[in-house]
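Peer 1: Model the structure of this input:
(4 chains)
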There are 2 protein chains.
Amino acid sequence: MARKLSAADAPLRLDNQICFAVYSAAHAFNRVYKPLLDRLGLTYPQYLVMLVLWERDDVPVKDIGEKLFLDSGTLTPLLKRLEAAHLVKRTRSSEDERQVLIALTSQGHALKDKARSVPQSVLAASDCSVSELVAMKDEIVALRDRLNAVIGE
Amino acid sequence: MARKLSAADAPLRLDNQICFAVYSAAHAFNRVYKPLLDRLGLTYPQYLVMLVLWERDDVPVKDIGEKLFLDSGTLTPLLKRLEAAHLVKRTRSSEDERQVLIALTSQGHALKDKARSVPQSVLAASDCSVSELVAMKDEIVALRDRLNAVIGE
DNA sequence: GCACATTCAATTGCGAACAATTAAATGTGA
DNA sequence: TCACATTTAATTGTTCGCAATTGAATGTGC
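Peer 2: Predicted structure coming up:
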């Protein structure tokens, strides 16, 4: 028997998947960021780590992971690359030797000024008003938090 | 001089980044899908490929790539893994020997029925009405398409 | 027909992302 | 104190994702 388009298949259609919308939008963002971040010598996940550090410095790996929803398997090699690029320094905490504290170098601090043009370039690429983007962001964050709540059972 | 919270820093604050909202939501979706897809023996990107093939079979790699915004560097090894799992078959097109056509095996077809429960499980996890999700999806797709339009210059 | 560009998939190399495990440091209860 | 659990990063192995290159097949302009 021939397979035909069926209403029963609608939930499995690619264009009906919000997850694919989110997935493909994330990749689109990545491609927009790439040329901008190349000039800073950063990848997108490295940029996210730098955003965290520009807000608060000298934090354990765990804190960065909680903010970005990433684990040490991702962060350890990434932070070593940032260290190799002389943007951060990794030092064991003296109070708790299990922790590795991540601190910006002077170059890491200085990069913040170069990064200021990035958000507005992305805003321009999105061809969208700030208020619309803020509304979308809030919706997506709310959805993400509901999903994450389910993961923790 | 001490660095303090400044209005000039707002565009660089992690919580103000819609790209991070999208990025972290994509990961949250991935984590929700993981246990569901494990039962099908699929990863999330593999699931996306199967969604494409369940809609239309016997398509060149390029078509799959255009629908999913992925290139051969990602798809070739992924499709080889699907072939190793006996879900698809890869054959050179006789009309154009440059193309590799991807066709579902009987097992690949059969997996569709097992996959039908996935979307509703994710819907439940999102704790959101269908109409809200559809509205969000449309907004995100529109944003994605604007971003992709900029990438093509 | 023949040089040339184009198209398509495969390959290589690098950087995430994550599960699972390991090892060291710390905390806890008896 | 001492056995035990917990916390924290690092490590290992697998899979994506993409840039850049390669090589074969096809299309083109002369």
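
Peer 1: Next to DNA strand C, which bits of chain A? Give me the list.
Peer 2: A:43-46, A:69-74, A:77-78, A:81, A:95-98 (C-beta under 7 Å from any atom of the strand). C-beta here means a position set from N, CA and C on the backbone, and glycine is covered the same way.

Peer 1: The residues you listed in helices, which ones?
Peer 2: Secondary structure from DSSP state H places A:Tyr44, A:Pro45, A:Gln46, A:Ser72, A:Gly73, A:Thr74, A:Pro77, A:Leu78, A:Arg81 of these in helices.

Peer 1: which of the residues of chain A next to DNA strand C are close to chain B?
Peer 2: A:Tyr44, A:Phe69 (C-beta under 8 Å from any C-beta of the partner chain).

Peer 1: Give me the below-cutoff pLDDT ranges for chain A.
Peer 2: Low-confidence segments of chain A (pLDDT under 70): A:1-5, A:152-153.

Peer 1: Save the ones in helices among the residues of chain A next to DNA strand C as TSV, and put in neighbour count too.
Peer 2: Converted to TSV, those look like this (neighbours: other C-beta atoms under 10 Å in any protein chain shown):
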residue	neighbour count
A:Tyr44	18
A:Pro45	15
A:Gln46	19
A:Ser72	13
A:Gly73	9
A:Thr74	14
A:Pro77	10
A:Leu78	18
A:Arg81	13
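
Peer 1: possible to save these as CSV with distance to DNA strand D?
Peer 2: Output for those, formatted as CSV (distance: C-beta to the nearest atom of the strand, whole Å):
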residue, distance to DNA strand D
A:Tyr44, 10
A:Pro45, 11
A:Gln46, 13
A:Ser72, 4
A:Gly73, 3
A:Thr74, 8
A:Pro77, 7
A:Leu78, 9
A:Arg81, 12
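
Peer 1: Stretch A:113-128 and chain B, any residue contact?
Peer 2: Yes - applying C-beta under 8 Å from any C-beta, one finds stretch A:113-128 in contact with chain B at A:Ala115, A:Arg116, A:Val118, A:Pro119, A:Gln120, A:Val122, A:Ala125, A:Ser126, A:Asp127, A:Cys128.

Peer 1: Make a PyMOL selection of whichever of these turn out to be buried.
Peer 2: Restricted to buried positions by 16 or more other C-beta atoms under 10 Å in any protein chain shown, the PyMOL selection for the residues of stretch A:113-128 next to chain B reads:
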select buried, chain A and resi 115+118+119+122+125+126+128
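
Peer 1: List just the nearest of the residues of stretch A:113-128 next to chain B to B:Ile102.
Peer 2: Lowest distance from B:Ile102 to the residues of stretch A:113-128 next to chain B (C-beta to C-beta) belongs to A:Ala125, with 32.5 Å.

Peer 1: Report whether stretch A:130-149 contacts chain B.
Peer 2: Yes - remark: stretch A:130-149 sits within contact range of chain B at A:133-134, A:136-137, A:139-141, A:143-144, A:146-149, by C-beta under 8 Å from any C-beta.

Peer 1: Please pick the buried ones from these.
Peer 2: Buried among the residues of stretch A:130-149 next to chain B (16+ other C-beta under 10 Å): A:Leu133, A:Met136, A:Lys137, A:Glu139, A:Ile140, A:Val141, A:Leu143, A:Arg144, A:Leu147, A:Asn148.

Peer 1: Show me these that map onto helices.
Peer 2: A:Leu133, A:Met136, A:Lys137, A:Glu139, A:Ile140, A:Val141, A:Leu143, A:Arg144, A:Leu147, A:Asn148.

Peer 1: ok, and the closest non-adjacent residue to the fourth one?
Peer 2: Distances taken as C-beta to C-beta, 6 or more residues apart in numbering or on different chains put B:Met136 closest to A:Glu139, at 5.7 Å, once the chain neighbours are dropped.

Peer 1: Dump stretch A:142-153 to PDB, restricted to CA.
Peer 2: Extracted C-alpha coordinates of stretch A:142-153, given in PDB (Å, rounded to 0.1, in the frame of the first residue of the first chain):
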ATOM      1  CA  ALA A 142      10.200  30.200  30.100                       C
ATOM      2  CA  LEU A 143       9.900  27.200  27.800                       C
ATOM      3  CA  ARG A 144      13.500  26.100  28.400                       C
ATOM      4  CA  ASP A 145      13.000  26.300  32.200                       C
ATOM      5  CA  ARG A 146       9.900  24.200  32.000                       C
ATOM      6  CA  LEU A 147      11.800  21.600  29.900                       C
ATOM      7  CA  ASN A 148      14.700  21.700  32.400                       C
ATOM      8  CA  ALA A 149      12.200  21.200  35.300                       C
ATOM      9  CA  VAL A 150      10.900  18.000  33.700                       C
ATOM     10  CA  ILE A 151      14.400  16.700  33.200                       C
ATOM     11  CA  GLY A 152      15.100  16.900  36.900                       C
ATOM     12  CA  GLU A 153      11.900  14.700  37.300                       C
END
